[in-house]
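**Student:** I would like to see how this sequence folds:
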Amino acid sequence: MLAYIARRIVYVIPIVISVALVCFLLVHITPGDPLVAILPADASQELAAQLRAAYGFDRPLPVQFGLWLLRALHGDLGNSIATGRPVLAEVVRAVGNTVTLAIAAAIIGFTMGIMLGLIAGYFRETWIDKLATSFAIAGVSVPHYWLGMLLVIIFSVELNWLPAVGAGPGGSGAWAWDWAHLKYLVLPAITTSVIPMGIITRTVRALTGDILSQDFVEALRAKGLRETGVFRHVIKNAAPTALAVMGLQLGYMLGGSILIETVFSWPGSGFLLNSAIFQRDLPLLQGTILVLALFFVFLNLLVDIAQAAIDPRIKRG
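**Tutor:** Numbers count the residues shown, from 1 in each chain. Below you'll find the predicted structure:
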C-alpha cells in the first residue's frame, strides 16, 4: 500500500507543474492591461512603466513564470492589484468559506443521492424507481442559479424565514458555527447540493441494479444469507466507483460556483474569482485558480488512495 501511495504522489508532481503553467498562461493570454484598475485616467507613460516593473510585467513570460512559481512554493502569491492586500490571505479566507459551503452541500447531496440511488436500485422498474429517477433528472437539469433565485423568492422574500445573501449578520465574512450564521448557509447549501445529488443518485442506482443482477448475489441468497448481509456486499462492491464520483463532485463544489456564490453574495472562491475577473486583478486571479486547481488535484489523489484501501484489486492493477 505504501508503494502504491508513493507512486501516486510521484504521478501528481508533473500534474501540479502543468496546472501551474496552465494557470499562469491562461491569465496572460487574455486581452487587456491588468494595471488599468489602479492607474488614473491621466497616468503618464513613466508611471505605467514603473508599475509594470514593480509587478514584474515588463519581464519575459518564462522569467515571470519562474519567479511566480518560486514565490508560490514559498507561499507568496503576490499582492492584489485592486486592494494591495496579500493574495494568499484573500484566497485562504475565500476558500475557507467555500469549504464550509461545500461540506454542507456534500452532506445534503451525498446523503440524499446515496439513499435515493439505493432505493431506486433495489426497486427497479417500479413507481419508486421512477420517482427517485425523476428527482435525479430534475436535479441535474434545473439551472442551479435559477433554483437559487427561486429559493430566495420563496424563503426570504415571501416567507421571510431565511436570509437571502451574505455569510453572516451585518455582512460579516467571518464564519461561526451558530444559528445566526448557519441560517445564511441553508439556501446556498441546498442549491449547491442539487446537481451532485442527481448525479450520485443515477450512479448509485446503476451500480446497485448491476450488482444485484450478478450471480454471486443469487448465490449469497441461495445460501440463506439475510438481506442485510446481501446489502453489505452491495455497498462494498459499489463503494469504489461511487467514491470516485463523489470525489469529483466534491472537487467541483470546492472549486466554488461563481453563479451560486454571486446569487447569494457568499464570500467564497467563486465570488472572489468573479471579482478578480471583472477587476482584471492578475495576481489574485492566478492565485485563486492555482489554489482551486491544486485542491482538485490533491482531492483526486486522496480518492485514489481511498479506493485502493477499499478495493485491493485497484492497487494490484
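
**Student:** Please make it C-alpha for all contacts and neighbour counts, starting now.
**Tutor:** Noted.

**Student:** Show me the contact partners of stretch 120-135.
**Tutor:** The contact list for stretch 120-135 (C-alpha atoms under 8 Å, 6 or more residues apart in numbering) reads 116-117, 119, 198, 201-202, 204-209, 212.

**Student:** try 6 Å this time
**Tutor:** 116, 205, 208, 209 (C-alpha atoms under 6 Å, 6 or more residues apart in numbering).

**Student:** Out of those residues, which comes closest to residue 226?
**Tutor:** Looking at the contacts of stretch 120-135 and their distance to residue 226, the nearest is residue 208, at 17.1 Å (C-alpha to C-alpha).

**Student:** gap between the helix or strand harbouring residue 261 and the chain center?
**Tutor:** If you go by DSSP states H and E, residue 261 is part of helix 258-263. Its chain's C-alpha centre and that of helix 258-263 lie 13 Å apart, by C-alpha atoms, centre = their mean, to the nearest Å.

**Student:** Likewise for stretch 119-138?
**Tutor:** For stretch 119-138, the distance to the chain centre is 27 Å (C-alpha atoms, centre = their mean).

**Student:** Stretch 4-23 too?
**Tutor:** Distance of stretch 4-23 from the chain centroid (C-alpha atoms, centre = their mean) equals 19 Å.

**Student:** could you say which helix or strand contains residue 106?
**Tutor:** Residue 106 belongs to helix 87-122, assigned by DSSP H and E.

**Student:** secondary structure class for residue 266?
**Tutor:** The three-state assignment at residue 266 reads coil, by DSSP: H, G, I helix; E, B strand; the rest coil.

**Student:** Which residue, other than its chain neighbours, is closest to residue 242?
**Tutor:** The shortest distance from residue 242 to any non-neighbouring residue, by C-alpha to C-alpha, 6 or more residues apart in numbering, is to residue 204 (6.5 Å).

**Student:** What's the local residue count around that neighbour?
**Tutor:** Residues lying near residue 204 (other C-alpha atoms under 10 Å) number 26.

**Student:** these two touch, right, it and residue 117?
**Tutor:** Yes. Under the criterion of C-alpha atoms under 6 Å, residue 204 makes contact with residue 117 at 4.7 Å.

**Student:** Closest to residue 143 out of the contacts of stretch 120-135?
**Tutor:** Once C-alpha to C-alpha is applied, the member of these that ends up nearest residue 143 is residue 116, at 20.7 Å.

**Student:** residues touching that closest one, list them.
**Tutor:** 132, 201.

**Student:** And it, how far from residue 270?
**Tutor:** Here residue 116 is placed at a distance of 29 Å from residue 270 (C-alpha to C-alpha, to the nearest Å).

**Student:** circling back: so which bits of the helix holding residue 106 are buried?
**Tutor:** For helix 87-122, the buried set under the neighbour-count rule, 16 or more other C-alpha atoms under 10 Å, comprises 87-88, 90-91, 93-106, 108-110, 112-122.
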